[in-house]
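Asks: sequence below, structure please.
(one chain, ligands or ions: 1)
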Amino acid sequence: MVVLQREVELPIEIPEPTKRVRNNKIEARGIDFSYDGTTKILNNIDLDVKEGEFLVFMGPSGCGKSTFLRMIAGLEGFDNGDIIINGTSVKEAHPDSGVVFQDYSLFPWLTAQANVVLALKQRNKTKSKKELAQIAEDYLTLVNLGHALKKYPGQMSGGMKQRAAIARALSYGSDLLLMDEPFGALDPVTRIQLQDLIVQIRAQQNRTVVFVTHDVDEAIYLADRIIIFAPGKNGAVTQSIEVPVKKGTNRQKLFESFEFRSFRESLLNEMNEQILNSIKTEVSEGAGI
Ligand code: ADP
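Replies: This next block holds a predicted model:
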């Protein structure tokens, strides 16, 4: 049986939204993008993400999910349109977000604690070394790495490294968390533990999360809404699907429930249909050449 994360208080409070109607945390309008000026990657993408919402991007490899996530993180530009985060365009100011990638991106010459301290320093110019070390320890304890503060990435397993990367992203204190296949390289048990860690963090704090995955069970377990990216001749288009499955119940019961299994099947059917449609379009257009 998988032992879930123990409940611990998170070190930095993220305030609840004050308004009853949640504001849009992210607004993307008319995003077009091509890396080389010829092959279009994204085609006129519009997307609103509410404060506190958990959004998952799914779709076949190569259809622009990571590219779009990097745009939200301010790490990639775009050709047309705009992305507004907290009311400000990403063109005007680097968005405030914590980012987790699949490859951990820890500095190998720094311990787990020093990796988190380095991130904390950027936002906490007035805190002493000792205070920063304590906050880093709190976050690493939260992700069950309290015993590994002084370990270097080379001395940690994949799951430990990803826990450290999550601790670092959380420690920024931003309420926007962007995660690009964060559990893709982990064994199934560690993956389940980290999914539950994310569920726990969500239950305690009002973080808005955008999360890329290929795993349909992970997507349904975590998401309020799934955005399916479908390939197309003029770049990927997206479709938004609300997840109608009630959360907060026992994981195994949830996965065995009729509502979970029937939604899973309809989601897979929808994704398959979109891929088939895009292949049919390309074949019929190719046949005319
Ligand atoms: P996904 O996340 O859906 O797998 P990506 O956003 O990684 O898709 O990639 C979308 C497309 O853009 C792919 O065809 C990929 O090869 C291409 N691509 C990704 N990054 C770059 C880059 N830095 N330069 C050129 N092409 C890229």
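
Asks: going forward, measure contacts and count neighbours with C-alpha atoms only.
Replies: Noted.

Asks: so where do the strands sit in this protein?
Replies: For the chain, applying DSSP state E gives strands covering 24-34, 40-50, 54-58, 80-85, 88-89, 98-101, 176-180, 208-212, 225-230, 237-242.

Asks: so which residues on the protein come close to the ligand?
Replies: 35, 41, 61-67 (Cα under 6 Å from any ligand atom).

Asks: show the buried residues in those residues.
Replies: 41, 63-67 (16 or more other Cα atoms under 10 Å).

Asks: so what touches stretch 221-239?
Replies: 33, 39-45, 53-60, 63-65, 195, 199, 219-220, 240-243, 247, 271, 274-275, 278, 282 (Cα atoms under 8 Å, 6 or more residues apart in numbering).

Asks: swap that for stretch 33-46, sorry
Replies: Residues outside stretch 33-46 that contact it (Cα under 8 Å, 6+ apart) are 27-32, 63-64, 78-81, 233-238.

Asks: might you calculate how far that stretch sits from the centre of the chain?
Replies: When distances are taken as Cα atoms, centre = their mean, to the nearest Å, stretch 33-46 is centred 22 Å away from the chain's centroid.

Asks: now swap in stretch 102-112 and tell me
Replies: 18 Å.

Asks: same deal with stretch 108-119?
Replies: Worked out by Cα atoms, centre = their mean, stretch 108-119 lies 22 Å from the chain centre.

Asks: circling back to that earlier point, turn the strands of the chain into JSON lines, columns for mean pLDDT and distance to Arg261.
Replies: Shown next, in JSON lines, are those (pLDDT from 0 to 100; distance: least, Cα to Cα, whole Å):
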{"stretch": "strand 24-34", "mean pLDDT": "95", "distance to Arg261": "30"}
{"stretch": "strand 40-50", "mean pLDDT": "95", "distance to Arg261": "26"}
{"stretch": "strand 54-58", "mean pLDDT": "96", "distance to Arg261": "18"}
{"stretch": "strand 80-85", "mean pLDDT": "95", "distance to Arg261": "35"}
{"stretch": "strand 88-89", "mean pLDDT": "92", "distance to Arg261": "39"}
{"stretch": "strand 98-101", "mean pLDDT": "87", "distance to Arg261": "29"}
{"stretch": "strand 176-180", "mean pLDDT": "93", "distance to Arg261": "25"}
{"stretch": "strand 208-212", "mean pLDDT": "95", "distance to Arg261": "21"}
{"stretch": "strand 225-230", "mean pLDDT": "95", "distance to Arg261": "16"}
{"stretch": "strand 237-242", "mean pLDDT": "93", "distance to Arg261": "15"}
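
Asks: brilliant, that's me finished.
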